[in-house]
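Asks: Any chance you can model this:
(2 chains)
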Amino acid sequence: MAKVLRERWTSRGFFVFAAIGSAIGLGNVWRFPYITYEYGGGVFLIPYVIGLIVIGIPWLTLEFGMGRYFQRSAPGVFAGIGKGWEWLGWWPAFAGFLIVTYYTVIMAWALNYVVGSATVAWGMGQAGVEGAGGYFFETVLGLSSSPGVLGGLQWPIVGALALTWIIIFLVMFRGARVIGTVSLWAVSIAWVFLAVLLIRGLTLPGIAQGLNFYLAPDFAKLGSVDVWYAAFSQIAFTLSLGMAGMFAYGSFIAKKADVNNNAVITSLADASTAFFAGFAIFSIVGYMMQALSAPVGDVVASGLGLAFVSFPVGISMMPGANAFIGIIFFLCLFFLGLTSAYFLAYGAVVTPLMDKFGWSRVKTSLLVCVVCFLIGLIYTTQGGLYWLDMVDRVACFYLLLITGALACIAVGWVFGAKKFREYVNETSDFKFGAWFDVLIKYVVPAGLLFVVIYGGFAKDIVTPYGDYGNWALSIWILLVVTLGLSFVLQSCKTRTPTVDSGKESREVKK
Amino acid sequence: MTGGAIASMVIIWLLYLGIIGWSISRMGKGGEWKD
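Replies: Coordinates of the predicted model:
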């Protein structure tokens, strides 16, 4: 049998940083701190750590390990599990593809804000408090009245989006070697920037008050289903799983290298980054509460509202270094986003296409960047924010969770949880016990289905998501279309056949 | 800052440091990074 050459991470350190870079993203800064405050403060960390251990780490190990076993990205992995399963690798790849088309637009907004921060364009002091919302929705986005009114392109965002895709192309067209190096730098810079923000927060009055809201435990909330839902959903989204990319990153791991410990280190680094970001965010929230004499509910927000409205208000209110802190914050968001964006583009789209059709890396990378940029233009229109929110709901919630649960079922029951565990244990720094099989076969799929049913179907069927009415219902078609396209891709001829490295290693042992 | 907030902060950091420290102490036994 011909020896199959697979690209490789140049060292463990580069791989770990690439994996950490893909896991940490915007959600660590704008989602984790808020839901920790919202769902019981310090107490929230109990369900969060439990979720990390019973869902996050096993799921991440599964994606790394299966990628390494078959030496292929997600479609090749599932084609290897059994004839007719390949679609289950393409479906999450579509999630990654859809997500990266709008994720890069958010990065483009951040770049616009880097420029805007230089002059604190939304206003200083009281003018900024009143002007931050208008600056985001009117000046930057030019937001229209409904998803049906797309309006024109917002050219500063289009320009920043083009720049973002050029950077992504330059990172990924040389493959894992450059991705590893860039990730090391980008993750380190993002951590330094978070530290700068924290130091600024520490020098402002009100920090104790802010951190109190972040961490003061409310034990009564531990009995609430909502708290467990919030913890499990955050775990499901934060590690960039269910988007096909980690299978590809795993396939670049050398065949004799560790899997289990790298999954633990990646998960813990992601959680630590989120926890650390919370200090930076809430120290500044505390200052805003004091400066504005406002209750915490008025100054803190989640998601886009935190990054592009609340935080700019905080920047306007600061007694000094306003522009500097603004630039640092939005550059930090950009770097956090960048490592996740090229992970999605390369791991979820470029590598599966290269594996399937045997195309060259440069050609595939260029094609993917151009197509994603063109699709991303929809989100740079005046109605773009609405579409971004709706597609996010389908791709980064339903698609991710459903395909994640199915992938665990396929590996746990068809491939065999025990066989998988024994395979990854063989070369890992430490071994997982039989409990790992129970997590893969039952706990992870049940946890993901709980999130998708409790937080998704149960709510969206009663009231369509957001305030978009029928638009929110029509976007569901994406689930059906992507599933159909997954079967179409499965039916195409595979130019680079899947390798069963488990068989190979057994043959070597004889 | 209340005692609860401080306790949460200390406990979670100790937990993270403990697991990361343990993970790092196990590193290096996992085989080669080149085929």
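
Asks: any idea how far the closest residue to chain B within the stretch 301-450 of chain A is from B:Tyr16?
Replies: Nearest residue of the stretch 301-450 of chain A to chain B (Cβ to the nearest Cβ) works out as A:Asp429 at 4.1 Å. For glycine as for every other residue, the C-beta is placed from the backbone atoms N, C-alpha and C. As judged by Cβ to Cβ, to the nearest Å, A:Asp429 and B:Tyr16 stand 18 Å apart.

Asks: Name the residue in those two with the higher neighbour count.
Replies: The neighbour comparison of A:Asp429 against B:Tyr16 (other Cβ atoms under 10 Å in any protein chain shown) goes to A:Asp429, with 21 against 18.

Asks: Surely the more buried one and B:Ser25 touch.
Replies: No: A:Asp429 is not in contact with B:Ser25 according to Cβ atoms under 8 Å; the separation is 9.2 Å.

Asks: rewinding a little: does the residue of the stretch 301-450 of chain A closest to chain B count as helix, strand or coil?
Replies: With DSSP: H, G, I helix; E, B strand; the rest coil as the basis, A:Asp429 sits in coil.

Asks: Flag every residue of chain A that's near chain B.
Replies: A:8-12, A:15, A:41-43, A:45, A:49, A:208, A:211-212, A:214-217, A:254-258, A:261, A:264-265, A:268-269, A:271-272, A:275, A:427-430 (Cβ under 8 Å from any Cβ of the partner chain).

Asks: hang on, the earlier thing: look up how far B:Glu32 lies from the residue of the stretch 301-450 of chain A closest to chain B.
Replies: 13 Å.

Asks: same deal with A:Ala271?
Replies: With Cβ to Cβ as the criterion, A:Ala271 and B:Glu32 are 29 Å apart.

Asks: Looking at these two, which has the bigger crowd around it?
Replies: A:Ala271 (29 against 11).

Asks: residues contacting that one?
Replies: A:Ala271 makes contact with A:Tyr48, A:Val49, A:Leu52, A:Thr238, B:Tyr16, according to Cβ atoms under 8 Å, 6 or more residues apart in numbering or on different chains.

Asks: One more pass at 10 Å, please.
Replies: Taking Cβ atoms under 10 Å, 6 or more residues apart in numbering or on different chains, we find A:Ala271 in contact with A:23-24, A:28, A:32, A:45, A:48-49, A:51-52, A:56, A:234-235, A:238-239, B:12, B:15-16, B:19-20.

Asks: For chain B, give me the ranges with low pLDDT.
Replies: B:29-31 (pLDDT under 70).

Asks: where does it come near chain A, residue by residue?
Replies: By the rule Cβ under 10 Å from any Cβ of the partner chain, the part of chain B lying against chain A is B:1-13, B:15-20, B:22-35.

Asks: Of those residues, just the buried ones, ChimeraX syntax please.
Replies: Applying 16 or more other Cβ atoms under 10 Å in any protein chain shown to those, the buried members can be selected in ChimeraX as follows:
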select /B:1,4,5,6,8,9,12,16,19,20,23,26,30,33
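
Asks: rewinding a little: list buried residues within the residues of chain A next to chain B.
Replies: By 16+ other Cβ under 10 Å, the residues of chain A next to chain B give A:8-10, A:12, A:15, A:41-43, A:45, A:49, A:211-212, A:214-217, A:254-255, A:257-258, A:261, A:264-265, A:268-269, A:271-272, A:275, A:427-430 as buried.

Asks: Touching, A:Phe32 and A:Ala280? I think so.
Replies: No: contact criterion Cβ atoms under 10 Å: A:Phe32 and A:Ala280 do not qualify, at 11.6 Å.

Asks: quick one: the helices in the stretch 151-300 of chain A?
Replies: Along the stretch 151-300 of chain A, counting by DSSP state H, counting those that start in this stretch, helices occupy A:155-172, A:176-202, A:207-215, A:225-238, A:245-251, A:260-292, A:296-299.

Asks: Just say which of these is most tucked in.
Replies: When the helices of the stretch 151-300 of chain A are scored by mean count of other Cβ atoms under 10 Å in any protein chain shown, the highest mean neighbour count falls to helix A:245-251 (a mean of 31).

Asks: Keeping just the C-alphas, turn that helix into CSV.
Replies: Backbone C-alpha positions of helix A:245-251 (Å, rounded to 0.1, in the frame of the first residue of the first chain) are rendered in CSV as follows:
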residue,chain,number,x,y,z
GLY,A,245,-12.5,21.6,12.2
MET,A,246,-11.1,19.7,15.2
PHE,A,247,-11.1,16.4,13.2
ALA,A,248,-8.8,18.1,10.6
TYR,A,249,-6.5,19.5,13.3
GLY,A,250,-6.4,16.0,14.9
SER,A,251,-5.5,14.5,11.6
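
Asks: average model confidence for that helix?
Replies: For helix A:245-251, mean pLDDT rounds to 97.

Asks: tell me which strands and helices that helix is in contact with?
Replies: Where contact means 3 or more Cβ pairs under 10 Å, 6 or more residues apart in numbering or on different chains; DSSP states H and E, helix A:245-251 is packed against helix A:12-23, helix A:57-70, helix A:74-81, helix A:87-118, helix A:176-202, helix A:260-292, helix A:322-343, helix A:351-357.

Asks: Could I get those helices in JSON lines, plus columns for mean pLDDT and distance to A:Phe137?
Replies: Output for the helices and strands packed on helix A:245-251, formatted as JSON lines (pLDDT from 0 to 100; distance: least, Cβ to Cβ, whole Å):
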{"stretch": "helix A:12-23", "mean pLDDT": "96", "distance to A:Phe137": "30"}
{"stretch": "helix A:57-70", "mean pLDDT": "97", "distance to A:Phe137": "36"}
{"stretch": "helix A:74-81", "mean pLDDT": "96", "distance to A:Phe137": "37"}
{"stretch": "helix A:87-118", "mean pLDDT": "98", "distance to A:Phe137": "11"}
{"stretch": "helix A:176-202", "mean pLDDT": "95", "distance to A:Phe137": "24"}
{"stretch": "helix A:260-292", "mean pLDDT": "94", "distance to A:Phe137": "20"}
{"stretch": "helix A:322-343", "mean pLDDT": "97", "distance to A:Phe137": "17"}
{"stretch": "helix A:351-357", "mean pLDDT": "96", "distance to A:Phe137": "37"}
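
Asks: for those helices, which one sits closest to A:Leu385?
Replies: Across the helices and strands packed on helix A:245-251, A:Leu385 has its closest neighbour in helix A:87-118 (9.2 Å, Cβ to Cβ).

Asks: now the closest one against helix A:74-81, angle please.
Replies: If you take axes from the mean of the first three to the mean of the last three Cα atoms, to 10 degrees, helix A:87-118 sits at 160 degrees to helix A:74-81.

Asks: got the angle for helix A:87-118 vs helix A:155-172?
Replies: Using the same axes, to 10 degrees: helix A:87-118 against helix A:155-172 is 120 degrees.

Asks: ok now helix A:87-118, how far from the chain's centre?
Replies: Per Cα atoms, centre = their mean, to the nearest Å, the displacement of helix A:87-118 from the mean C-alpha position of its chain is 9 Å.
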